[in-house]
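1. show me how the following folds:
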Amino acid sequence: MIDRETLLRAEPLLETDLPLPNKQSGKVRDIYLLDGRRVLVTTDRVSAFDRVLGAIPFKGQVLNQLSLWWFRQTEDIVRNHVLEAPDPNVTIAREAQALPVEIIVRGYITGVTSTSLWTLYAQGERRPYGIPLPEGLQKNDPLPQPIITPTTKAEGGAHDERLTRDEIISCGLVAEDLYRQIEEAAIAIFKRGQEVARAAGLILVDTKYEFGLIDGELVLIDEIHTPDSSRYWIADSYQRDSEPQSFDKEYLRKWFKAQGYTGEGTPPAMPAEFVAEVAERYITAYEKLTGETFVPGEQPAAPRIAAALAHLTATS
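-> Here you go, the predicted structure:
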């Protein structure tokens, strides 16, 4: 584990300006399009409430390296888009045709939003998202089997979160045979994620997967099983009648809510000690799940990344 003083002194990577064309900036990473390849550069920007709220040092490297680790653990289930990773912050991926549906796999019935599985169930809906659920479930209970609640990809921050499997197929968003492949792959990846999390003293509660097509073949894209894309609970804190401790971005979101911020107006500045604590949580998640010590790239990151990718402009 990196010591607290190093985290307090670290310089977050907020923006990249590489000698590469076709830059697109997302909330937490920058993307460069290059002759059938995508250069994905993770930054330390923090997103919650669908807004960038600050930065956590080494967060981008943790997410990038953890995703790469998970891609290796699941490539026997479904192929992924990764070509190479020339820097801790960088993944070079094959260009994929992203599918218009994101797949949420849930192992527990939880959530607080109006469209969350628990909210719908508590209101008496026993077939949320068209999926039959048994009577007697309480909030944060494990589900009999992991279930899929699909959603459309966000357009301007808005998802259609109440889609069912039949609606996706009937609307022509994804063909039935392809959607069946997606379901099988998503459940298999999730179950493997549950096993790894259990061995690490964590509970994988739910997660988001994005799939695409390359030459008609299904591939896994984006990031997977990170503290930003998945909900983890600390296993020792889990009891049926209490709120488990989160080990993911939800911890950060709860801090903002405690300051009275819910997404509107200017967010409060995060104190340096809190930023360092969140960084420790991200790094600890990486080390618990992989069993490896997190070794960050040298700082500052931007010149190092530019040097690592300079050859791409000459070969493209």
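2. helices of the stretch 1-150 of the chain, start to end?
-> For the stretch 1-150 of the chain, the helices defined by DSSP state H, counting those that start in this stretch cover 4-9, 59-74, 117-122.
3. highest mean neighbour count out of the ones you listed?
-> helix 59-74 (a mean of 22; mean count of other Cβ atoms under 10 Å). For every residue, glycine as well, the C-beta is placed using N, CA and C.
4. what's that one packed up against?
-> The contact analysis (3 or more Cβ pairs under 8 Å, 6 or more residues apart in numbering; DSSP states H and E) places helix 59-74 against strand 37-42, strand 82-87, strand 90-94, helix 176-199, helix 272-290.
5. who does the longest one touch, helix- and strand-wise?
-> Where contact means 3+ Cβ pairs under 8 Å, 6+ apart, helix 176-199 is packed against helix 59-74, strand 97-109, strand 141-152, helix 165-170, strand 202-214, strand 217-221.
6. pull the CA atoms of stretch 173-187 into CSV?
-> Taking C-alpha atoms only, stretch 173-187 is exported to CSV below (Å, rounded to 0.1, in the frame of the first residue of the first chain):
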residue,chain,number,x,y,z
LEU,A,173,-32.1,-2.9,-30.2
VAL,A,174,-30.4,-6.3,-30.1
ALA,A,175,-31.3,-9.5,-32.0
GLU,A,176,-32.5,-12.4,-29.9
ASP,A,177,-29.6,-14.8,-30.6
LEU,A,178,-27.1,-12.1,-29.8
TYR,A,179,-28.9,-11.0,-26.7
ARG,A,180,-28.8,-14.7,-25.5
GLN,A,181,-25.0,-14.7,-26.0
ILE,A,182,-24.8,-11.4,-23.9
GLU,A,183,-26.9,-12.9,-21.1
GLU,A,184,-24.8,-16.0,-20.9
ALA,A,185,-21.5,-14.1,-20.9
ALA,A,186,-22.7,-11.5,-18.4
ILE,A,187,-23.9,-14.1,-15.9
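7. show residues contacting it.
-> If you take Cβ atoms under 8 Å, 6 or more residues apart in numbering as the criterion, stretch 173-187 is touched by 77-78, 99-101, 103, 105, 146, 148, 152, 165, 168-169, 209, 211, 218, 220.
8. number of residues surrounding residue 218?
-> When neighbours are defined as other Cβ atoms under 10 Å, residue 218 has 17 of them.
9. residue 248 is in contact with residue 285, correct?
-> Yes - Residue 285 is within contact range of residue 248, at 7.3 Å (criterion: Cβ atoms under 8 Å).
10. and for those two, which residues touch both?
-> Residues touching both residue 285 and residue 248 (Cβ under 8 Å, 6+ apart): 227, 232.
11. give me the nearest residue to residue 15, chain neighbours excluded.
-> Using Cβ to Cβ, 6 or more residues apart in numbering and skipping the chain neighbours, the partner closest in space to residue 15 is residue 43 (6.8 Å).
12. okay but the one you found is in contact with residue 61, surely?
-> No - Residue 43 sits out of contact with residue 61 when judged by Cβ under 8 Å, with a separation of 10.0 Å.
13. among the helices of the stretch 1-150 of the chain, which is nearest residue 271?
-> Between residue 271 and those, the tightest spacing by Cβ to Cβ is seen for helix 4-9, at 10.7 Å.
14. helices or strands up against the closest one?
-> Applying 3+ Cβ pairs under 8 Å, 6+ apart, we find helix 4-9 packed against helix 272-290.
15. any chance you could list what contacts the helix it packs on?
-> 1-2, 4, 7-8, 10, 54-59, 62-63, 65-66, 69, 196-197, 200-202, 225-227, 232, 247-248, 251-252, 255, 270, 292-294.
16. quick revisit: so what sits against both of residue 43 and residue 61?
-> The overlap between the contact sets of residue 43 and residue 61 (Cβ under 8 Å, 6+ apart) consists of residue 89.
17. low pLDDT regions in the protein?
-> The chain contains residues with pLDDT under 70 at 154-161, 311-316.
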